[in-house]
Each structure stands twice: as C-alpha cells, then as structure tokens.
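K.L.:
My questions are about this predicted structure, shown below with the sequence.
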Amino acid sequence: MAEREMVRKTTSSRSTETVEEEAKSASTEKSEKLKAELDDLIDEIDEVLEDNAEEFVRNYVQKGGQ
Amino acid sequence: MAIIKVCGVETEYGIQMLGVPDPNPITASSLLVNAYLSLVSKKVGWDFVDESPMVDARGFTRDFQLAPEVETHLINTVLSNGARYYVDHAHPEYSSPECYTPREALLYDKAGEEVLRRSMEGAARVLGPGQSVVVYKNNSDRKGNSYGCHENYMMDRAVPFGKIVSQVMPFFVTRQIFAGAGKVGTEMAYLPKEQVPFQISQRADFFEEEVGLETTLKRPIVNTRDEPHADAARFRRLHVILGDANMSEYSTFLKVGTTAIVLSMIEDGFLDGLDTTLETPVPSLRAVSYDLTLKRPLPLADGGTATALEVQGMYLEAAKEYAAAGGLASIGDEAEGKEILRLWEEVLSDLEVDPMRLADRLDWVAKYRLVTGYRERHDVAWDDSRLAAIDLQFHDIRKSKSLFYRLGQERLLADDEIEIAVTEPPRRTRAYFRGKCLAKYASNVAAANWDSMIFDLGEDPLRRVPMMDPLRGTADHVDELIEGCDTAAELLRALGS
C-alpha cells in the first residue's frame, strides 16, 4: 500500500501525458507479466492437479453448513 | 457519529479425509482442532482416542472451553490470539477475534488459514501412512451443499433494523463484483449447465430470501440474528452470511472495508437520500453473479435500472462525501478508511474497463483467467471435470497445492505479521484481554466466551469477568494490569471481582 501511495505522490507533479504514457506501458508490462505467470502455471498445472480430476471432483462431498 | 465498526470474519472450511474408509467429517474436523491444540500446548504423542470429556459437575453452562471438550461430538476452543476454533456443522470453523479495523480483520482471517494449515500438519502426525485431511477455503462442494464465511460488524443499537436492511441491500447484492470467489458452473438444478459456465460468486446459488433468521436453509441476504455478544442495550452485531470465503487479500480487505464504511454511513444517516432500492434483490443477486460483463441492468423499485457497477458507484460517491465530512474515523483508522476508498475506486474503474485487469488481485477474476487459460490450451469443454477440479483446488490451503497461491497474487499483508497474529491478539479490542488471560493464566481459565471470561481459582464459585463492551479490555486498558499480576487470583483481586 505504501509503495502505491509513493508512486502516486512522485508522479503527480509531472505532466499528465508522461504519466498516461507510463501508466500505459506499465499496464502492458503488467499484463504481459500476468500472462507469462499464467502460462507457466498452465504448463505445470497437470502435475499439480489432483491425479484423477473426475474422481476428485466426485468425491469432494461436504455436509451443508451455514 | 457512528461507533467504531469492530469487525471479524468466521469461516467454515471444507474438508476431505483421504485414505480412510468411511470418512466422517465430524471426526476429521475434531482431529484438526485437537491436533492444533496439541501443537500449541507442545503436548507430544497426544492420542485422540484417549481424550476424555471435561465435565464441570458444578453445572455451569459453558459456551466453549480452553481444553478440548467432546460434547455432543463437537469441539470448542479459544486461542491465545482471541479467536474461537471449533467444529460446527461437520466443518472446522475459525472465528477471528474482534478486530478494530478492516485490515486487522483481514490479518486475523489469514492467521486463521495458517491455524488450519498447522492443524493439517499436526493431524498428519497422528494419521496412518497414506491418510491425510485436506482443508479447502471455499463455500460449496459443487453438488448443492454450501457452508459459510460470515462477517460481523458492531453497530449502534439506536439504528432501526429496517433502515439497515433497506439501505444495505443494494450494496450486498452487488459487492460480489469485487468480493466474489468465482465458481465454474451453477448449482441451480433447474438451470441448463451451459447457461452459466462460470459465475462470480460461490454463494449466490444458495440465497432464497431477502431477510430472515436462517443460515442453513432458505438463506437470506440480510440475516436477522440478534445476538450481540455485548451490551444489547447499546450494541447490535450485524451478522453477514452472504459473502464468499476469499483467498485474495484484496477481496477480503475490500469486502470488509467497504461494508464497514457503508454500515457507518447508514448509522450516520448519510444514505437516507440514496435511492437505489432493487425491485427483486434475490434474482438480482444471481443475475449479478452470472453476468461476467457486469453490464446487465438490474430493475430498480422506482421503475429505472442500474448495473451492479453503477450501484457500487453510487455507494462509492456517497462514501467520498462521507470521508470529506470526516466520517471515516469510525473505520478505526481514518488513513486506512481512505486507502479502502482509493482501492474501491481503482477496482470499480478497472472492472469497468476490463475485469481481467484485476486477475492479480481479485479471486473471481484470477480463477476465471485460470480456467479460461486452461480451456484454451487444452481445448476442453466447460463441463470437463478438470475445470471443476481447478475450481476446487484454487481453494486448497496448502501453498504447494493451492492454485491460488501458485498464481502468485498481489498482497497487502506480510508473512511475519500473519505469523504474529497466529498467537497474539488484536490490541484495540477486548480480544486482547481474552487472549492475554489465556496465554498467562491458562490453568485457571475454566471457560471463555465472546463477552466473558470464567476463572476457576480452585474454590467455589467460579468467577466470571464480564466483557460487555468490545472496546474495553484493550492493551491500553489492561496491559499494565496483566503485567503486574502473576496469578489469576491477583488479577481478579485487582479487578475487584
């Protein structure tokens, strides 16, 4: 939270254009990073996922609660 | 001026017992709670079978106990961080201590997750090879059985309940757009599966009433349970049963934070002019959950319509005015209140542009991206059981197995503060007195309750210390007192009880 706060403060004195451009590239950078992380997880997900998905889902039965 | 929104989160966890013939969820839940107790009391070689019930022949009614008690097969205990940890409806449940701010409620909710993780590790030590108990922080088994994650907020008794209901309803119906945990498919039997491939909320399928007392059947959007666990003449505890159990720190923080602000505004009469009454709250709750575009208009009582984003926007605008008028002090920390407003605005604006922007912060978006990414990669249909498995495993609390944790989401907390919160109580509510007494005078604490502590000094009668005000018994009030009393007898003498 503190970090975001600081970013806001330091950018507020600069021109709107620069800020927007930076925000745009930061946003692209971020979405690329997100995509890369997601791709990595999907690469390995079958190893992490419970062995027999169908059985796992079928056997996951809970008593109702609140 | 609204009173401080003392708050907390209670979570019923899902459990799977593996490698055991005819697994019993109550036994599994008891095993978890007992395993944790044996870890924190450093008791080695504890044996569940030999655990005998602790019965008080003096006939005192105990709400819950320090020592594990097998009473109608249910176990109840209080932890040194002030939380209650017990078995409820065949689920292990962790109720956070009373917290002073929404961020603290988030912290103690995450500490609860850690308590459950340690319980799993403890249980593994007493189980046989190939056996384990696995815990899930979700709200449904995907077969129509739901279990809850409830929030509690302290409110001024003077506010008429009907006013709370009408002014909070549109907010409750729509806050899922940032607080939903996401679900593959629907559990509404009458709906064709392909109609709802994915929805925003875990719980929306299970709500049938607008207002009511039930929590397990015909669940209402606004629950009327009137059990303040405090001075009933001054306080009300609004028990919120609508929410999803969140993995995401952002989702929990925003869920509790925005709700605390809205309730404060209601208390201060700040929403009296707000006109967003929904014509059909229950169907709207599902409509919002099923609409991933967030653009679907909801019918309003005045004949108009508004989208979920617009409804939230109206509350946000009111909250900004409330902040300008100095209202946010009731959140416990004005700076934190402003941070909640900033995040609320940021999240609503991102949701408006493209919800996928929030894939690193909000549960439902993260889960949606994961299942759609998997679908695209492997070209699988929405009803493929691998997608349902991803949905469940998102909520596995083991960090190595949990798809939520493996996604590496943005955070608001640090691990070391969670570690501290596992054992240390919040400092600014009565939870401090409860937790510290348990830590220091455990052998003399016969029972603890939300609003009292019962001491056993080895002589009749038991001594009860009432704690009817959640804002008394804080570190400021009792730190020196507890510091100066080596025994429970000294403490009670000093308290004059």
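P.N.:
Noted; the coordinates are in hand.
K.L.:
Please make it C-alpha for all contacts and neighbour counts, starting now.
P.N.:
Fine.
K.L.:
any low-confidence regions in chain B?
P.N.:
For chain B, the stretches flagged by pLDDT under 70 are B:42-74, B:497.
K.L.:
near chain A, which residues of it?
P.N.:
B:12, B:14-16, B:25, B:88-91, B:140-141, B:143, B:145-148, B:215-216, B:241, B:357, B:359-360, B:370, B:373-374, B:377, B:385-386, B:388-390, B:392-393, B:401, B:406-407, B:412 (C-alpha under 8 Å from any C-alpha of the partner chain).
K.L.:
Any idea how many residues pack against the single nearest residue of the stretch 1-150 of chain B relative to chain A?
P.N.:
In the stretch 1-150 of chain B, the residue that lies nearest chain A is B:Tyr147 (4.1 Å; C-alpha to the nearest C-alpha). Per other C-alpha atoms under 10 Å in any protein chain shown, the neighbour tally for B:Tyr147 reads 29.
K.L.:
again, but for B:Leu491
P.N.:
18.
K.L.:
right, and the helix or strand after the longest helix along chain B?
P.N.:
Ranked by number of residues, the top helix in chain B under DSSP state H is helix B:102-126. Going down the chain from helix B:102-126, the next helix or strand is strand B:132-136, by DSSP states H and E.
K.L.:
Run through the neighbouring helices and strands of that following strand.
P.N.:
Judged by 3 or more C-alpha pairs under 8 Å, 6 or more residues apart in numbering or on different chains; DSSP states H and E, strand B:132-136 is in contact with strand B:14-18, helix B:102-126.
K.L.:
what inclination does it have with respect to helix B:102-126?
P.N.:
Strand B:132-136 runs at 160 degrees relative to helix B:102-126, counting by axes from the mean of the first three to the mean of the last three C-alpha atoms, to 10 degrees.
K.L.:
could you pull out the helices for the stretch 251-400 of chain B?
P.N.:
Ranges of helices within the stretch 251-400 of chain B are B:281-290, B:308-324, B:334-353, B:363-378, B:385-393, based on DSSP state H, counting those that start in this stretch.
K.L.:
Would you mind writing the CA trace of the second one as PDB?
P.N.:
Coordinates of the C-alpha atoms in helix B:308-324 are reproduced here as PDB (Å, rounded to 0.1, in the frame of the first residue of the first chain):
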ATOM      1  CA  ALA B 308     -24.000  -3.600 -10.400                       C
ATOM      2  CA  LEU B 309     -21.100  -1.200 -11.200                       C
ATOM      3  CA  GLU B 310     -23.500   1.700 -11.200                       C
ATOM      4  CA  VAL B 311     -25.000   0.700  -7.800                       C
ATOM      5  CA  GLN B 312     -21.500   0.300  -6.300                       C
ATOM      6  CA  GLY B 313     -20.500   3.700  -7.900                       C
ATOM      7  CA  MET B 314     -23.400   5.400  -6.100                       C
ATOM      8  CA  TYR B 315     -22.200   4.000  -2.700                       C
ATOM      9  CA  LEU B 316     -18.600   5.000  -3.500                       C
ATOM     10  CA  GLU B 317     -19.700   8.600  -4.300                       C
ATOM     11  CA  ALA B 318     -21.600   8.800  -1.100                       C
ATOM     12  CA  ALA B 319     -18.600   7.400   0.700                       C
ATOM     13  CA  LYS B 320     -16.300  10.100  -0.700                       C
ATOM     14  CA  GLU B 321     -18.600  12.700   0.600                       C
ATOM     15  CA  TYR B 322     -18.700  10.900   3.900                       C
ATOM     16  CA  ALA B 323     -14.900  10.900   4.000                       C
ATOM     17  CA  ALA B 324     -14.800  14.600   3.300                       C
END
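K.L.:
Share the number of residues neighbouring residue 37, please.
P.N.:
In the absence of a named chain, this looks at chain A. 15.
K.L.:
let's do chain B instead
P.N.:
22.
K.L.:
Over to it. Which of the three states is it?
P.N.:
Following DSSP: H, G, I helix; E, B strand; the rest coil, B:Leu37 is assigned to helix.
K.L.:
who does B:Arg464 bridge with?
P.N.:
For B:Arg464, the beta-bridge partners are B:Ile454 (DSSP bridges).
K.L.:
That one touches B:Asn449, doesn't it?
P.N.:
No - checked against C-alpha atoms under 8 Å, the pair B:Arg464 and B:Asn449 is beyond contact range at 10.4 Å.
K.L.:
For chain A, which residues score under the pLDDT cut-off?
P.N.:
If you take pLDDT under 70 as the line, chain A has these spans: A:1-24.
K.L.:
All the helices of it, in order from the start?
P.N.:
According to DSSP H, the helices that chain A contains are A:2-11, A:16-48, A:53-59.
K.L.:
what packs against the last one?
P.N.:
What that stands for is helix A:53-59. Against helix A:53-59 (3+ C-alpha pairs under 8 Å, 6+ apart) you get helix B:385-393.
K.L.:
What helices and strands are in contact with the helix it packs on?
P.N.:
Checked by 3+ C-alpha pairs under 8 Å, 6+ apart, helix B:385-393 has helix A:53-59, strand B:183-184, helix B:363-378 packed alongside it.
K.L.:
which of those is buried the deepest?
P.N.:
Most buried of the helices and strands packed on helix B:385-393, by mean neighbour count (mean count of other C-alpha atoms under 10 Å in any protein chain shown): strand B:183-184, with a mean of 28.
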